Every structure is written in structure tokens, then in C-alpha cells.
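**Q** one predicted model, sequence on top.
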Amino acid sequence: MYRRCTDYYMIIRKIEPRLREHHGKSVWCVTVPKDLRKPRILTHRFFGEKKAAADEYAQQLSDSRKSVGGGGDFLKLNTPEQVAVLAALQELGPDDLMKAVAHWRATKPNATPISVQAAVDQCIASRERAGRRPNYIKTLRCSLDNFARSNQKNLHEVTSKDVNDWLHNNGWQPKTQLNYKKDVDTLYKWAKKLKLVSDNPADGVDNPSLDQKPIQCWGIEECTKFLNAVKHTDPALIGYIAPILFGGLRPHESGRLTYDNIRNGIIDLAGSQTKGRQRRVVKVEGLLKEWLAIPLPSPRQGPAVQYGNRNLPKRLRRLAAVAGVTWSHDVLRHTFVSYATEIHGARVTAALAGHTEQILFSNYRQVVSADAAKAFWNLTPDSVTGKLNPAPK
């Protein structure tokens, strides 16, 4: 094979002028590759005394090669792959170089066999080195480990049927199927960049159809009960709840707040504290300012607001039980967006929430009345009162 491929070495090497001795003179020489020579001409060279003319001729040859190569697909391959394609071209005898490229792609063995589980571990490690958020890493690890357990084979051996069967034979809801398919797509896109695989089996799987369901948004009575429970049962959590309910922060953003993030009347978040590591700036004014400034029942206990709260899920569920309301992870943010849209409009609210207007209408907004919106933005700490349910044990 090496002997056959050496004849095609000129197809692979870069076309550039070289200084040569020709008839006792130093001239610039450009050798025409064999794939660009005319029939029945064994050799073809360009000789010139000026390098500019030689450079122009070499550039013309390079442009010709790109047009011949069907958009440069052959040139995208590395040198060993080009050698393999040229060997296939000699053996098969097709009259089109790109046919040989297509044939080689369809029949070539995987150059770097790697198991699905090993690829998952390396992909997760690369995401960690890139500084992805811990929650994202945890979720990605969960789905891809499940995928690896269901496909104990080499990465390039997984087919679209394998991915489709895995998604539909585990009893998952359509939204979960869609998210897991995206995770598999992430794995194979990473592997293609490293040339571990040539195809992505997730491309052959159709996305499941999703029914858009109404989001959960609290009414004024529910908001009043919950804020009253917070104020009297666990006031330290106001530092977590108020920036979401009256400032539009995401739950994980509010959970990462520190005292250093609040300066000169603004909440300033950046880096790993925010989604996509984009900076978030929220003014501390209006209801947000009033709620963050309330004192504890006893002055000796210090400031009411605490940031970086721990055991959030357990404490929030307990508060919801005391208030007698239904809790969900994003209910505070959904409530803020719904009432803010009625007062400020979609464009301003989307900017405050840190997303687009399209996302606002599709994922966050519930229709509320103008009177309810006015009542929500009058929920001051002094106006929130009522009877509490017994605290769960």
C-alpha cells in the first residue's frame, strides 16, 4: 500500500514555491500535483525568477484543487485519512475523488475504539475543566451513565435504533426523553470533535412531541400566606426568597448570594453564580428593598436576612406546609414574571428575569388581572398577616 500511495504524495502535500537550481540559475519552482495535471503528461513544473509570480501560480493550483474536491471535503481529512482514500481510489477505480471519500467514510473502521462508559467519563471531565456548573455536571452524569449501562459497547457501534430504544423503553415522559436525547447529542458532538466517531446516532432520532402545560403561579392569597409563614417561622430565608419573588433572580442564583454581592443598592452576580456565567444586575428597590430590610423579632439575633442558606429544599417545603400552599421549584420566579409582565410589560420583565420574551411567554408567564398585579406589588412586610398552620414535625 505504501508503494501505491507514494505516487499520490503530491496530492497531499501543500502547494508552495520552492527555490531550485535550473540550468545553472536559482529560480522559483512550483510542481503541479498529479491530480491537477493534464492527461498523458508525466511531469509539469513552473519556473520563474520572481517569487510573486510563483506564489500566484501556486494559489491558482490550490483554488483549482478545492473546486475539483467538491468543496474541499478531501482536504478536511488528515494525512493518514487522505492516504487511505487514495488507496481506495486506486483499488476501486472510480472516476470521482469524492466518490472514493464517500466510500471510505462508509466502510472505514473506527480508528480509536473507546467504550461508551469511558467516553462518558472523559466528556464529563472535559465539562468540569471548562467550568460548567455543578448542577449541570450532576444532571449530565446521571443521564449519560444510564445511557452507558444500557449500551455496553464501543462508542462508534451505537446506532440510532439503540438511542431510540433507550429513550422510549424506560417509561420516561416526553420532556425527559427530549432532555436525555440532548445529553446524548452532547456526548457525540464532543466525540466528533476529537475524531473518536464519524457519525452521531442521535441525529437519526426524532424529537418527542411536547404538550405545553400551564405554569404554576401563586395568587395573592397564597403569596400572603407564604410570606407570612416566612416572616414568622424562618425569617432568615427572606434573603433567598425576596430576590426571586420581587427581583426575578433564578433559584440557584439566589441560593449563591453572599453579602459581598449587594453593594450600593444593587445585587451584582457573575461567574459560577449565574446561568451561562453571564453577569446579572438587579436594583434593590421597592418591595425587594423593604423585605431585605426587615428585622428579626428579637434585635439581639442580628439581621434577619441571611445569604448562602443551607438545607433549602427541606426548609422551603416546611414553609409551604405551614402556609398551606403547593410548592414547586420555580413557583416564586413564575409568580414574579406573571405579575411583573402585567405592570412593566414583556420587554422590561424579560430583561429583569434575564431571558428572552419568547422564553417568558412559553415557560414563565401566567395571565393575571391588573388588580391582582397591583395587589401583589403592595405586599409589604407590614401588610402580610394571617393565621399559620401547625409546623410539621
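**A** Structure's in. What do you need?
**Q** can you map out the strands along this protein?
**A** Applying DSSP state E to the chain gives strands spanning 18-22, 25-31, 45-48, 262-263, 266-269, 280-283.
**Q** how far off centre is the third one?
**A** Put simply, strand 45-48 sits 52 Å off its chain's centre (Cα atoms, centre = their mean, to the nearest Å).
**Q** can you check the last one too?
**A** Between the centre of strand 280-283 and the centre of its host chain there is 24 Å, according to Cα atoms, centre = their mean.
**Q** buried set for it?
**A** 280, 282 (16 or more other Cβ atoms under 10 Å). Where C-beta positions appear, they are placed from N, C-alpha and C, glycine not excepted.
**Q** would you mind writing the CA trace of it as PDB?
**A** Provided in PDB are the C-alpha atoms of strand 280-283 (Å, rounded to 0.1, in the frame of the first residue of the first chain):
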ATOM      1  CA  ARG A 280     -26.800  39.700  36.500                       C
ATOM      2  CA  VAL A 281     -27.500  43.100  38.000                       C
ATOM      3  CA  VAL A 282     -30.700  43.800  39.900                       C
ATOM      4  CA  LYS A 283     -31.600  47.000  41.600                       C
END
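**Q** strand partners of it, parallel vs antiparallel please.
**A** Pairing partners of strand 280-283, with direction, according to DSSP bridges: strand 266-269 (antiparallel).
**Q** what does the strand it pairs with rub up against?
**A** With contacts defined as Cβ atoms under 8 Å, 6 or more residues apart in numbering, strand 266-269 is touched by 243, 247, 249, 253, 256-257, 261-262, 279-284.
**Q** which stretches of the stretch 251-393 of the chain form helices?
**A** Applying DSSP state H, counting those that start in this stretch to the stretch 251-393 of the chain gives helices spanning 251-255, 286-292, 312-323, 331-344, 346-353, 357-359, 370-376.
**Q** go through those helices and pick out the most buried.
**A** helix 331-344 (a mean of 23; mean count of other Cβ atoms under 10 Å).
**Q** what is the mean pLDDT for it?
**A** For helix 331-344, mean pLDDT is 91.
**Q** now for the closest residue to residue 46 other than its chain neighbours: which residues touch it?
**A** With sequence-adjacent residues excluded and distances taken as Cβ to Cβ, 6 or more residues apart in numbering, residue 46 is closest to residue 30, at 4.2 Å. Applying Cβ under 8 Å, 6+ apart, we find residue 30 in contact with 15, 16, 17, 18, 45, 46, 54, 57, 58, 61.
**Q** residue 178 too?
**A** Applying Cβ under 8 Å, 6+ apart to residue 178 gives the contacts 207, 208, 210.
**Q** ok, residue 235 touching residue 294?
**A** Yes. Residue 235 lies in contact with residue 294 (Cβ atoms under 8 Å); the separation is 7.1 Å.
**Q** between those two, which one's more packed in?
**A** Comparing residue 235 with residue 294 by other Cβ atoms under 10 Å, the one with more neighbours is residue 235, at 21 against 16.
**Q** what separates residue 143 from residue 276, distance-wise?
**A** Distance, residue 143 to residue 276, by Cβ to Cβ, to the nearest Å: 20 Å.
**Q** what about the two, which has more around it?
**A** Neighbours were counted for residue 143 and for residue 276 using other Cβ under 10 Å; residue 143 has more, 19 against 6.
**Q** tell me the spacing between the closest residue to residue 113 other than its chain neighbours and residue 194.
**A** Distances taken as Cβ to Cβ, 6+ apart place residue 154 nearest to residue 113, at 4.9 Å, with adjacent residues excluded. Remark: distance between residue 154 and residue 194 (Cβ to Cβ) = 14 Å.
**Q** burial count for residue 380?
**A** 13.
**Q** give the contact list for it.
**A** Taking Cβ under 8 Å, 6+ apart as the test, what residue 380 contacts is 287, 290.
**Q** what is the neighbour count of residue 369?
**A** Neighbours around residue 369, by other Cβ under 10 Å: 9.
**Q** for it, report the pLDDT, please.
**A** Value listed for residue 369 in the pLDDT field: 90.
**Q** again, but for residue 5
**A** At residue 5, pLDDT is 45.
**Q** next one: residue 166
**A** For residue 166, the predicted pLDDT is 95.
**Q** how about it: what's its closest non-neighbour residue?
**A** In space, residue 166 is closest to residue 150, 4.9 Å off (Cβ to Cβ, 6+ apart).
**Q** tell me, how many residues neighbour the one you found?
**A** Here the number of neighbours of residue 150 (other Cβ under 10 Å) works out to 16.
**Q** same deal with residue 278?
**A** The tally of other residues near residue 278 (other Cβ under 10 Å) stands at 10.
**Q** touching, residue 271 and residue 277? I think so.
**A** Yes. Residue 271 lies in contact with residue 277 (Cβ under 8 Å); the separation is 5.7 Å.
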